[in-house]
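Trainee: Just need the structure, nothing else, for what follows:
(4 chains)
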There are 2 protein chains.
Amino acid sequence: MLAQNIVSADKFRVSKTQSACPPTCPARSGSTIELLGIPKGFPRNAEIYGDREPADYLYKVMSGTVRTYKVRVDGRRQIGGFYIPGDVFGVEVGDEHAFSAEAISDCRVLMINRSVVMARAARDVAVARELWSLIGHELKRVQDHILLLIKSAEERVASFLLEMPVSKENTIELPMSRQDIGEYLGLTIETVCRTFAHLQATATIEVHSRQIVLRNRANLRRLNA
Amino acid sequence: MLAQNIVSADKFRVSKTQSACPPTCPARSGSTIELLGIPKGFPRNAEIYGDREPADYLYKVMSGTVRTYKVRVDGRRQIGGFYIPGDVFGVEVGDEHAFSAEAISDCRVLMINRSVVMARAARDVAVARELWSLIGHELKRVQDHILLLIKSAEERVASFLLEMPVSKENTIELPMSRQDIGEYLGLTIETVCRTFAHLQATATIEVHSRQIVLRNRANLRRLNA
DNA sequence: CGACCATTTGATATGGATCAAGCGATGTGG
DNA sequence: CCACATCGCTTGATCCATATCAAATGGTCG
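Mentor: Numbering: from 1, shown residues only, chains lettered A, B, ... in the order given. Just a heads-up that it's a prediction; the model follows:
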């Protein structure tokens, strides 16, 4: 019974589709886990948790954007992912967080006590399924990130833009700095800028500081290949 | 109950330590899952499963080495990981394999029916824990791979060597070609060769085709940083 | 207005890719 | 047993994408 439910957990995948989760994120249908959470606000640039701290909570973004990252010994930073409203982050299998997490903008997150979820998962098949789905979603994210990192600069930027939520009018409102984008894509800030400029020169996008208008999505998709 | 068991699943991590798992891999203590498997042999370069095929089985390597990979539209190949005796591969959350898998050398693997495992997991807490641990191990592998891909060529090669099992006498027997190593590290075959040559020139390793002797592991660790 | 920070643009440097050729081991057919 | 083809590996020469260094611009907030 549990078996079949876990196998098909994919149906409960956490969606990254912005449309399904407006700025102020309501409870989603089918999500029991978030009923266990308590809301907390974090100001811009606040640390939510640090690398190697005990993973006592999972977090669901209600508003704002969160980045996870790891600082290398030489001081360089690698961003593991961006999390927007509806996304869950901080899911770990071990007892410690593998990355640190920070608020990119002021944000509200639901803090969900891990041991409570785990206890619940033991009794409630739906919760066990949700958990399995969350970790699977995270695994897929990370696998895709690997494929991203072996591409050319232009391809990386195109892929990045395609994974950002598009609001009205083909416009992307980027919550993060060029620096953040660079650290996510494994590129320098200058290369990110120049690539934006080049995509603009080829009429693929229009750049208005942190607002990007997609003018030729087919071209982005071609680069994404 | 299940909760606490899942939380501490890390203790059941699949070890990559060769010493714990000699060429002919015996059943490991604490592993119930593999009791459910049936052995199968694959000749060198045989496909074990393909990208996007239904993930009906998990696999445990008993002897030989396996690579998982993905072919990009432009024909280039990215290797997701190498799996040696004792490692489990093909663990997916969705219903399809995300990567393809091939035997690098002749090998024997245990094929473990997924629905059998899942059914078992519903009843047997130990099996549920093992599953959770396996997916967590895979997630960690992939996260580390990301950190690898943002390093310099020399750092990547150093990291690669440090994750390979060392047999007697500080010697690594590489089962895979330079091409494979390159595709794993996101480097060309020439760069892999030259980096080996350079590490040899700096007395860090000795290269005897596919046999690498570690001469200065501290230096490798420094590069690994 | 002035300070500060993020972004953009320009000039130059460089690590790794690409192109090309040689080398050693392995295997095959004569 | 040798001649030759093949394949994996190595090494050399050159090129190019991206990093690095530097400076100008623009936007925001006190």
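Trainee: buried sites along stretch A:46-60?
Mentor: A:48, A:49, A:55, A:57, A:58, A:59, A:60 (16 or more other C-beta atoms under 10 Å in any protein chain shown). Backbone N, C-alpha and C define where each C-beta goes, glycine included.
Trainee: Span of that stretch from start to end?
Mentor: End-to-end span of stretch A:46-60 (C-alpha to C-alpha, to the nearest Å): 16 Å.
Trainee: Rounded mean pLDDT for stretch A:80-89, please.
Mentor: The pLDDT scores in stretch A:80-89 average 97.
Trainee: pull the CA atoms of that stretch into PDB?
Mentor: Extracted as PDB, the C-alpha positions of stretch A:80-89 are listed here (Å, rounded to 0.1, in the frame of the first residue of the first chain):
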ATOM      1  CA  GLY A  80      22.800  25.700  -5.000                       C
ATOM      2  CA  GLY A  81      19.400  27.000  -5.900                       C
ATOM      3  CA  PHE A  82      16.800  29.800  -5.800                       C
ATOM      4  CA  TYR A  83      13.500  29.100  -4.000                       C
ATOM      5  CA  ILE A  84      10.400  31.000  -4.800                       C
ATOM      6  CA  PRO A  85       6.900  30.900  -3.200                       C
ATOM      7  CA  GLY A  86       5.600  27.400  -3.200                       C
ATOM      8  CA  ASP A  87       9.100  25.800  -3.100                       C
ATOM      9  CA  VAL A  88      10.300  23.800  -0.200                       C
ATOM     10  CA  PHE A  89      14.000  23.900   0.800                       C
END
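Trainee: bridging residues for the residue nearest in space to the middle of chain A?
Mentor: The centroid of chain A falls nearest to residue A:83 when counting by C-alpha atoms, centre = their mean (2.9 Å). With DSSP bridges applied, residue A:83 shows beta-bridge pairing to residue A:66.
Trainee: Thought residue A:61 was touching it, still the case?
Mentor: Yes: with contact defined as C-beta atoms under 8 Å, residue A:83 and residue A:61 form a contacting pair (5.1 Å).
Trainee: between the two, what contacts are shared?
Mentor: Common contacts of residue A:83 and residue A:61, defined by C-beta atoms under 8 Å, 6 or more residues apart in numbering or on different chains, comprise residue A:89.
Trainee: What is the neighbour count of residue A:84?
Mentor: Other residues near residue A:84 come to 20 when the count uses other C-beta atoms under 10 Å in any protein chain shown.
Trainee: didn't it look like it was pressed against residue A:165?
Mentor: Yes: Residue A:84 is within contact range of residue A:165, at 6.2 Å (criterion: C-beta under 8 Å).
Trainee: Please enumerate the helices of chain A.
Mentor: Taking DSSP state H as the criterion, chain A carries its helices at A:2-7, A:114-123, A:125-149, A:153-163, A:178-185, A:189-201, A:217-224.
Trainee: right, so of the ones you listed, which gets closest to residue B:155?
Mentor: Residue B:155 sits nearest to helix A:125-149 of all the helices of chain A, at 14.2 Å, using C-beta to C-beta.
Trainee: Enumerate the residues of chain A near DNA strand D.
Mentor: A:152, A:153, A:154, A:186, A:187, A:188, A:190, A:191, A:209 (C-beta under 7 Å from any atom of the strand).
Trainee: Going through the residues you listed, which ones are buried?
Mentor: Counted by 16+ other C-beta under 10 Å, the residues of chain A next to DNA strand D give A:153, A:154, A:186, A:187, A:191 as buried.
Trainee: Residue A:143: neighbour count?
Mentor: 20.
Trainee: And for the one 5 residues further on?
Mentor: A count of neighbours around residue A:148, defined by other C-beta under 10 Å, yields 19.
Trainee: Residue A:206 now?
Mentor: Neighbours of residue A:206 (other C-beta under 10 Å): 15.
Trainee: Can you give me the first-to-last residue distance of stretch A:88-105?
Mentor: End-to-end for stretch A:88-105, by C-alpha to C-alpha: 16 Å.
Trainee: Give me the distance between it and the centre of its chain.
Mentor: 11 Å (C-alpha atoms, centre = their mean, to the nearest Å).
Trainee: ok, and does that stretch reach over to chain B?
Mentor: Yes: using C-beta under 8 Å from any C-beta of the partner chain, stretch A:88-105 comes into contact with chain B via A:92, A:93, A:94, A:95, A:98, A:99.
Trainee: Give the buried subset of those residues as a ChimeraX selection command.
Mentor: Those of the residues of stretch A:88-105 next to chain B that count as buried under 16+ other C-beta under 10 Å are selected in ChimeraX with:
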select /A:92,93,94,98,99
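Trainee: Out of the residues of stretch A:88-105 next to chain B, flag the one nearest to residue B:88.
Mentor: Looking across those and measuring by C-beta to C-beta, the closest to residue B:88 is residue A:93, at 14.0 Å.
Trainee: Surely the closest one is in contact with residue A:132?
Mentor: No: in terms of C-beta under 8 Å, residue A:93 does not count as a neighbour of residue A:132; the distance is 11.2 Å.
Trainee: Quick check: residues of chain A near DNA strand C?
Mentor: A:177-179, A:189-190, A:192-194, A:196-197, A:207, A:209-210.
Trainee: what do you get if the cut-off is 6 Å, keeping everything else the same?
Mentor: A:177, A:178, A:179, A:189, A:190, A:193, A:194, A:196, A:197, A:207, A:209, A:210 (C-beta under 6 Å from any atom of the strand).
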